[in-house]
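Peer 1: give the three-dimensional model of this entry:
(2 chains)
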Amino acid sequence: MNLSYIYCFIGIVKREVLRFFQQRSRLLSALVRPLLWLVVFASGFRAALGVSIMEPYGTYITYQQYIAPGLCCMIILFNGMQSSLSMVYDREMGSMKVLLMSPLPRPFLLCCKLIASALLSLLQVVIFLLFAQLVDVDIPLIGYFTAIPAIFLIAFFLGALGLMLSNLIKQLENFAGVMNFVIFPMFFLSSALYPLWKMQEASIWLYWLCQFNPFTACVELLRFALYGQMNTAALMTVLIVTSIASIFALMSFKPQHGRSGR
Amino acid sequence: MSIETKQLSFCYGKKTVIEELNLNINMGFNVLLGPNGAGKSTLFSMLTGLYQATSGSIKINGYDLKTDRAQIMRSMGVVFQQSTLDLDLSVKQNLVYYAALHGISSSQALVNISEILSQLELTPRLNDKVRTLNGGHRRRVEIARALIHQPKVLLLDEATVGLDIDSRKMITEYVGTLCQQLGICVLWATHLIDEISAEDQLIIINEGKIKAQGVSKQLCETHKVADIYQLYRTLTANVELI
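Peer 2: Numbering: from 1, shown residues only, chains lettered A, B, ... in the order given. Presented below is the predicted three-dimensional model:
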């Protein structure tokens, strides 16, 4: 591989990491949100929601333990959307032009951005899981290693989805509205907070919506990976949706979108 | 070192912004003069491949933009009208990032950066965050960034707008010197008449069309006007001048 591709990749990743650590509030909010869910929400709901023995857990688990993978995916979801928001911002402010002045192919540049964003998600999830240990969320050591590729794949998918959405959004002001129609339905209509059999008892059509939500596959993929197991169906689903989202994101990218492009 | 456009047009929806533009720009300092909304920035966006032409062709150093984009980008440096620096990063981090986008290693980038920053009298600001720099310094950083990969063609879109007299003078003189020393092709878009000298190659653009092209002194003689200001007014019928 040409060295210039490697330098470019390193440059883009380094820039995203530097920017992330410059914006300390971003790291803080990325961690505070799921920790609040884990500590406050889960404590309140653990009494109301009993979780029976289910895969991949071999025994009864606490509600905190159940929602931990969902909250990890929540971090990844927010980070993916935040990255796409920054893409819209970069496009509006003109910094996207700098990226596009590179002689390297645009799909490669966008992939580098997605990988950089995925690495940041990975970092945030690992930090969150370390904090989660303090509230009795037990993850076996092997789980940290088997979860890494799963987190990376999920982050790439959600980043690509965010990029695809950012391509559809012409102005920064429209972003918040669109996100509300994506983040919340994706999160709540999934197995992140409650097992799907509970949802099935409540409403069959909601259950099917959750089943078809790719975010459910993300949560289940990570839930199994955290315990050193493989959920093949979830993996296949995530691979397929990642491919589709990436192709659409790269194909629909138009640099002249946004206010700077009128 | 040349920029050539043939029958170049661009439309925003139904509005034609650039209309069948035929340009031939060679090595040296070339000024693109036109009022706000004349199509200068749109032309720059097309030359840099950010906008795709509705029709026509662009060739830079003999390479066609449609088929040889990578070759063109390797030999082109751009300073955009709007600041595109990352405010949260330092001058060095911004420049190293841009060098990386051009496939330059950070060690090589640091050598280039050191040389360019010393020419632009910015070495002491190397580790300062861009946010802490004033407008003039930020512009100089953008010029430094455009030069890191040693381009043969340099495009500057209203690079001195909003700057004080000293900063403007420093930047125009520096770019002029670059032209002479490195023999590069500079296209300098502006609407500030005092930045144009009698010997400069001048292109006047208005409503997306070329109104005149040639050495500014000769253009004044041809159009029988006393100075560039009169020439500009005659050709653009525009009184919105600075």
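Peer 1: in chain B, what residue spans correspond to strands?
Peer 2: B:3-12, B:15-25, B:28-33, B:55-60, B:63-64, B:76-79, B:153-157, B:185-190, B:201-206, B:209-215 (DSSP state E).
Peer 1: can you list contacts of the shortest one?
Peer 2: Outside of strand B:63-64, the residues within contact range by CB atoms under 8 Å, 6 or more residues apart in numbering or on different chains are B:57-58, B:71-72. Where you see a C-beta, it was placed from the backbone N, CA and C, and this is true even at glycine.
Peer 1: quick check: B:Ser167 touching B:Thr160?
Peer 2: Yes: with contact defined as CB atoms under 8 Å, B:Ser167 counts as touching B:Thr160 (7.2 Å).
Peer 1: spatially central residue in chain A, please.
Peer 2: Ranked by distance to the mean C-alpha position of chain A (CA atoms, centre = their mean), the top residue is A:Ile76 at 2.5 Å.
Peer 1: separation between it and chain B?
Peer 2: Per CB to the nearest CB, to the nearest Å, A:Ile76 is found 23 Å from chain B.
Peer 1: got the phi/psi numbers for that residue?
Peer 2: Main-chain dihedrals, A:Ile76, degrees, to the nearest 10: phi -70, psi -40.
Peer 1: intersect the contacts of strand B:63-64 with the contacts of chain A.
Peer 2: B:71-72 (CB under 8 Å from any CB of the partner chain).
Peer 1: mean confidence score for the longest helix belonging to chain B?
Peer 2: Ranked by residue count and defined by DSSP state H, the top helix of chain B is helix B:165-182. Throughout helix B:165-182, pLDDT has a mean value of 87.
Peer 1: one more: stretch B:43-56?
Peer 2: The average pLDDT within stretch B:43-56 is 90.
Peer 1: how about it as CSV, C-alpha atoms only?
Peer 2: The C-alpha trace of stretch B:43-56 is given here as CSV (Å, rounded to 0.1, in the frame of the first residue of the first chain):
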residue,chain,number,x,y,z
LEU,B,43,-15.2,29.4,-10.0
PHE,B,44,-12.7,28.5,-7.2
SER,B,45,-15.0,25.7,-6.0
MET,B,46,-15.0,24.4,-9.5
LEU,B,47,-11.3,24.7,-10.0
THR,B,48,-10.8,22.8,-6.8
GLY,B,49,-13.2,20.1,-7.7
LEU,B,50,-15.6,20.9,-4.9
TYR,B,51,-18.3,21.7,-7.4
GLN,B,52,-18.9,19.8,-10.5
ALA,B,53,-19.2,21.9,-13.7
THR,B,54,-22.6,21.8,-15.3
SER,B,55,-20.8,21.8,-18.6
GLY,B,56,-17.3,22.6,-20.0
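Peer 1: residues contacting the residue positioned nearest the centre of chain B?
Peer 2: For chain B, B:Leu156 is the residue whose C-alpha lies nearest the centre (CA atoms, centre = their mean; 1.7 Å). Neighbour list for B:Leu156: B:78-79, B:143, B:146, B:175, B:186-189 [criterion: CB under 8 Å, 6+ apart].
Peer 1: hmm, back to that, name the residues contacting each of B:Ser167 and B:Thr160.
Peer 2: Shared contacts of B:Ser167 and B:Thr160 (CB under 8 Å, 6+ apart): B:Arg139.
Peer 1: before we move on, back to that, ok, of the contacts of strand B:63-64, which come out buried?
Peer 2: Buried subset of the contacts of strand B:63-64 (neighbour count, 16 or more other CB atoms under 10 Å in any protein chain shown): B:58, B:71-72.
Peer 1: give the contact list for residue 163.
Peer 2: The chain I'm using is chain A. A:83-84, A:87, A:110, A:113-114, A:249, A:253.
Peer 1: should've been chain B
Peer 2: With CB under 8 Å, 6+ apart, B:Leu163 has these contacts: B:135-136, B:139, B:171.
Peer 1: could you measure from it over to B:Val215?
Peer 2: Noted for B:Leu163: a distance of 26 Å to B:Val215, by CB to CB, to the nearest Å.
Peer 1: now do A:Val238
Peer 2: 63 Å.
Peer 1: neighbour count winner among the two?
Peer 2: Using other CB atoms under 10 Å in any protein chain shown, the more surrounded residue of A:Val238 and B:Val215 is A:Val238, with 23 against 14.
Peer 1: residues contacting B:Lys176?
Peer 2: Heads up, residue B:176 is Gly, not Lys. B:Phe29.
Peer 1: please tell me how far it sits from A:Leu36.
Peer 2: Distance from B:Gly176 to A:Leu36, by CB to CB: 59 Å.
Peer 1: ok, now B:Ile184?
Peer 2: 56 Å.
Peer 1: those two: who's more crowded?
Peer 2: Comparing B:Ile184 with A:Leu36 by other CB under 10 Å, the one with more neighbours is B:Ile184, at 21 against 12.
Peer 1: quick one: contacts for that one?
Peer 2: Counting by CB under 8 Å, 6+ apart, B:Ile184 touches B:1, B:27, B:151-154, B:178.
Peer 1: one more pass at 6 Å, please.
Peer 2: By CB atoms under 6 Å, 6 or more residues apart in numbering or on different chains, B:Ile184 lies in contact with B:152, B:154.
Peer 1: higher neighbour count, B:Ser167 and B:Thr160?
Peer 2: B:Thr160 (23 against 18).
Peer 1: excluding covalently adjacent residues, which one is nearest to that one?
Peer 2: Closest residue to B:Thr160 apart from its sequence neighbours, by CB to CB, 6 or more residues apart in numbering or on different chains: B:Arg168 at 4.3 Å.
Peer 1: can you get me a residue count around that neighbour?
Peer 2: If you count neighbours by other CB under 10 Å, B:Arg168 ends up with 19.
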